[in-house]
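Novice: Quick one, structure for this:
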Amino acid sequence: MTYCIKRHATPPLILFSIGYLALFLLYLSSLGMVEENKIILLLLAIALLVCLAPMPYGYYVLIRYATTILFAVMAYDYFQDKQKGLYITCLALALLFQPFMKIPLGREVWNFVDVVVAIFLVYLFFRKKSMD
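Specialist: Prediction:
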């Protein structure tokens, strides 16, 4: 009996560097309000759209951690600002993406969720902060 070891195709370096951007997102989100650092939202939207491509499993796990932390920080910020709708939305997204008890939705559903969440993040990027 012979065993054949297949070499996995390695995505280009640019795709792996987006994973490092996700780690940078975690660092920036821990510094202060996400609403003040809007570039974080755009970078995470791009990282979520890269999830549509076939990537190594570690990239998806990294994105799950990044989105969970970012949405948890955003939920806290919106709770402090008394914006109940955005608070609940960000809290629900943090729970959806949390990596500890994974929700098995299937590849197609996760791709749809990634696109919808990326659109939501782009909306937040271009939204003007309400002055109450």
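Novice: What are the phi and psi values at Met55?
Specialist: Reported as degrees, to the nearest 10, the phi and psi values for Met55 are phi -120, psi 160.
Novice: Neighbours of it, how many?
Specialist: Using other CB atoms under 10 Å, Met55 has 17 other residues around it. For the C-beta atoms, the positions are set from N, CA and C on the backbone; glycine is no exception.
Novice: So it versus Ile69, what's the distance?
Specialist: Distance, Met55 to Ile69, using CB to CB, to the nearest Å: 19 Å.
Novice: The one helix or strand Leu41 maps to: which residues count as buried?
Specialist: When secondary structure is defined by DSSP states H and E, Leu41 falls within helix 39-50. Buried residues in helix 39-50, defined by neighbour count with 16 or more other CB atoms under 10 Å: Ile40, Leu41, Leu43, Leu44, Ala45, Ala47, Leu48, Leu49, Val50.
Novice: any idea how far the fourth one is from Ile69?
Specialist: Think Leu44. Relative to Ile69, Leu44 is positioned 10 Å away (CB to CB).
Novice: can you check the third one too?
Specialist: Shown here: Leu43 relative to Ile69, a distance of 13 Å by CB to CB.
Novice: contacting residues for the residue lying closest to Phe97 once chain neighbours are set aside?
Specialist: Counting by CB to CB, 6 or more residues apart in numbering, Phe97 lies nearest to Thr67, which is 4.2 Å off, once chain neighbours are set aside. If a contact means CB atoms under 8 Å, 6 or more residues apart in numbering, then Thr67 has Leu44, Leu48, Leu93, Ala94, Phe97, Val117 as its contacts.
Novice: Show me which of those is closest to Tyr76.
Specialist: Ala94 (9.8 Å; CB to CB).
Novice: pLDDT at that closest one, what is it?
Specialist: Note on Ala94: pLDDT of 90.
Novice: Can we start the residue count at 541 from this point?
Specialist: That works, and once the first residue is 541, the last one we named lands at Ala634.
Novice: Once you drop chain neighbours, what's closest to it?
Specialist: Counting by CB to CB, 6+ apart, Ala634 lies nearest to Phe611, which is 3.8 Å off, once chain neighbours are set aside.
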